[in-house]
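S.K.: Structure for the following, please:
(one chain, ligands or ions: 2)
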Amino acid sequence: MIMYHTLLVRYGEISLKGKNRRRFEDALLRQVKLSLNGIPHGEMKKTFGRIYIDVDPDRWQDTANAVLQVFGVVSVCPVVRCPLDMDSIQNAAMELAQRASGSSFKIETKRVNKRFPLTTPAINHQLGGYVLSHSPGLTVDVHHPDFTIYLEVRHEGAFLYSESIPGLGGLPVGTSGRALVLLSGGIDSPVAGFLSMKRGITMEGLHFHSRPFTSERAQEKVEELTRLLSPYNTRRQIRLWLCHFTEIQKALQKNPYPELRITLMRRFMMRIAEGLARRRGMLAIVTGDSLGQVASQTMHSLHAINAVTHYPVLRPLVGMDKQEIIDVSRKIGTYETSILPHEDCCTVFLPQNPATRPTIAEAEEAESHLDVAGLVEEALDHTEMKRITPEIDLF
Ligand code: ATP
Ligand code: MG
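M.R.: Ligands and ions are numbered 1, 2, ... in the order given. Below is the predicted model of the structure:
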């Protein structure tokens with residue numbers, strides 16, 4: 001069993017941000033610390049472009065998994081630490097070589113501690129020779145090695161690693177402002193939420209339900225999806241807003257334009273979303289729309305729906321294929337919950353033949369029979385908030 005003592009956490013993109021760097025680093029560090037809440041670990045130290053976290057060797061994987069949920073982290077390397085003498089360094093390198101897979105390797109040394117007696121080429125030479133002579137079948141390949149053993153000669157000791165676990169990349173949450181993500185309970189919108197957070201957005205969720213026509217289980221499903229997204233969000237929690245949409249659904253049910261019902265429903269959702277975003281000081285709305293999937297996602301529909309708001313509506317999935325969306329949802333663990341067969345408010349009130357080419361004029365004509373502002377105000381007054389954290393198991 002190899003003993004890892006430290007994690008080397010790299011954060012790429014954000015180290016390039018010039019004057020903003022401090023703000024990005026602070027947000028990243030805050031989120032890393034939060035993610036380690038309840039997981040035993042030692043000292044945490046930030047140097048340029050990287051963080052070192054001392055770990056409990058028996059639980060390094062828990063620590064790594066937690067850090068790997070933080071946006072902005074590019075990679076995590078588990079590190080073997082040893083004293084600054086060549087015997088110890090050679091033993092540590094052998095441990096890594098025995099664990100690695102492949103038949104060729106190289107050594108790459110970074111000598112931060114200039115008081116170490118050997119030069120970098122001398123270290124590479126001696127260490128490479130040692131590993132080679134103690135590993136039958138292994139060869140050195142400095143251009144295309146199957147694995148590399150990295151050595152950092154630091155003041156506090158020698159750090160060795162060969163494995164690098166890729167992180168999520170992106171920007172630390174909280175560095176791009178706040179936005180309201182419309183969460184339906186399907187496959188797409190949780191992925192849209194995830195991708196918004198990936199670019200530094202702090203998300204809040206908004207779900208429309210039509211109780212008693214939609215069940216309590218349908219709402220629990222959305223709460224569970226929100227719970228699965230919560231570890232990624234700022235402060236590892238999500239404010240989920242639940243809007244009682246039934247009165248609007250009933251009003252639309254009576255409307256003499258059944259083929260426009262989805263368009264009108266979506267226009268109401270947008271207005272309510274904007275109203276809530278405004279109250280909460282958020283500057284954008286996010287949806288899980290992608291182009292062409294269903295009737296409400298043709299360019300004509302998006303045009304007619306978008307016309308009711310001046311807010312930026314971000315659609316992170318717009319260029320993705322369904323399979324790509326599913327791949328992300330599997331990776332983040334929302335897929336299995338998303339496919340549970342609980343009806344959502346749109347399917348309950350779905351018309352037979354939704355219009356695929358609705359126009360703004362048609363929508364406005366249909367809405368002239370309704371008290372739009374009154375219905376929106378009332379729905380906003382019937383919206384409640386739940387704070388969702390990773391810890392509550394809802395199922
Ligand atoms: P999803 O998989 O996210 O349900 P979808 O492919 O079913 O998306 P639509 O039903 O057309 O597509 O919904 C498009 C987007 O509208 C959703 O991704 C979501 O952002 C928003 N939306 C739809 N229904 C609701 C709802 N009941 N509550 C909140 N947002 C909704
Ligand atoms: Mg849906």
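S.K.: How much space separates whichever residue of the stretch 201-350 of the chain sits closest to ligand 1 from ligand 2?
M.R.: Closest residue of the stretch 201-350 of the chain to ligand 1, CB to the nearest ligand atom: Gly288 (2.4 Å). From N, CA and C alone the C-beta is placed, and that goes for glycine too. Relative to ligand 2, Gly288 is positioned 8 Å away (CB to the ion, to the nearest Å).
S.K.: Quick one, grab the pLDDT at that residue.
M.R.: Per-residue pLDDT puts Gly288 at 96.
S.K.: pLDDT wise, what is the closest residue to ligand 2 within the stretch 101-250 of the chain at?
M.R.: Of all residues in the stretch 101-250 of the chain, Gly186 sits closest to ligand 2, at 3.3 Å by CB to the ion. The model reports Gly186 with a pLDDT of 95.
S.K.: Ala355: what secondary structure?
M.R.: Classification of Ala355 using DSSP: H, G, I helix; E, B strand; the rest coil returns coil.
S.K.: Now do the same contact list for the residue of the stretch 201-350 of the chain closest to ligand 1.
M.R.: Taking CB atoms under 8 Å, 6 or more residues apart in numbering, we find Gly288 in contact with Leu182, Ser184, Gly186, Asp188, Ser189, Pro190, Val191, Ala192, Arg315, Leu317.
S.K.: Number of residues surrounding the residue nearest to the residue of the stretch 101-250 of the chain closest to ligand 2 when sequence neighbours are not counted?
M.R.: In this structure, Gly186 finds its nearest non-sequential neighbour in Ser338, 5.9 Å apart by CB to CB, 6 or more residues apart in numbering. Neighbours of Ser338 under the rule other CB atoms under 10 Å: 22.
S.K.: again with Val308
M.R.: Around Val308 there are 21 residues (other CB under 10 Å).
S.K.: How about Asp321?
M.R.: Asp321, neighbours per other CB under 10 Å, totals 11.
S.K.: before we move on, the earlier item: I'd guess the residue of the stretch 201-350 of the chain closest to ligand 1 is in a helix, am I close?
M.R.: No - using three-state DSSP, the assignment for Gly288 is coil, not a helix.
S.K.: gap between it and His303?
M.R.: With distances taken as CB to CB, to the nearest Å, Gly288 is found 18 Å from His303.
S.K.: who are the neighbours in contact with the residue nearest to Gly186?
M.R.: With the criterion set at CB under 8 Å, 6+ apart, Ser338 makes contact with Gly185, Gly186, Ile187, Pro190, Leu225, Ser329.
S.K.: hmm, try it at 7 Å
M.R.: Ser338 makes contact with Gly186, Ile187, Pro190, Leu225, Ser329, according to CB atoms under 7 Å, 6 or more residues apart in numbering.
S.K.: Could you export the residues you listed as TSV, including neighbour count, distance to ligand 1 and secondary structure?
M.R.: Formatted as TSV, the contacts of Ser338 follow (neighbours: other CB atoms under 10 Å; distance: CB to the nearest ligand atom, whole Å; DSSP: H, G, I helix; E, B strand; the rest coil):
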residue	neighbour count	distance to ligand 1	secondary structure
Gly186	20	2	coil
Ile187	21	4	coil
Pro190	29	7	helix
Leu225	31	10	helix
Ser329	23	9	helix
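S.K.: ok so, going back, pLDDT score assigned to the residue nearest to Gly186?
M.R.: 95.
S.K.: ok, and the most crowded of the contacts of Gly288?
M.R.: Neighbour counts for those (other CB under 10 Å) peak at Pro190, which has 29 neighbours.
S.K.: Test my guess that that one contacts Glu336.
M.R.: No - the criterion here is CB atoms under 7 Å, and Pro190 misses it with Glu336 at 11.5 Å.
S.K.: Just put the contacts of Gly288 in CSV and tack on secondary structure and distance to Ser210.
M.R.: CSV is the format used below for the contacts of Gly288 (DSSP: H, G, I helix; E, B strand; the rest coil; distance: CB to CB, whole Å):
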residue, secondary structure, distance to Ser210
Leu182, strand, 15
Ser184, coil, 12
Gly186, coil, 15
Asp188, helix, 19
Ser189, helix, 17
Pro190, helix, 20
Val191, helix, 23
Ala192, helix, 21
Arg315, coil, 24
Leu317, coil, 24
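S.K.: would you turn those into JSON lines with distance to Ser176?
M.R.: What follows is the contacts of Gly288, written out as JSON lines (distance: CB to CB, whole Å):
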{"residue": "Leu182", "distance to Ser176": "18"}
{"residue": "Ser184", "distance to Ser176": "23"}
{"residue": "Gly186", "distance to Ser176": "25"}
{"residue": "Asp188", "distance to Ser176": "21"}
{"residue": "Ser189", "distance to Ser176": "19"}
{"residue": "Pro190", "distance to Ser176": "19"}
{"residue": "Val191", "distance to Ser176": "18"}
{"residue": "Ala192", "distance to Ser176": "15"}
{"residue": "Arg315", "distance to Ser176": "16"}
{"residue": "Leu317", "distance to Ser176": "18"}
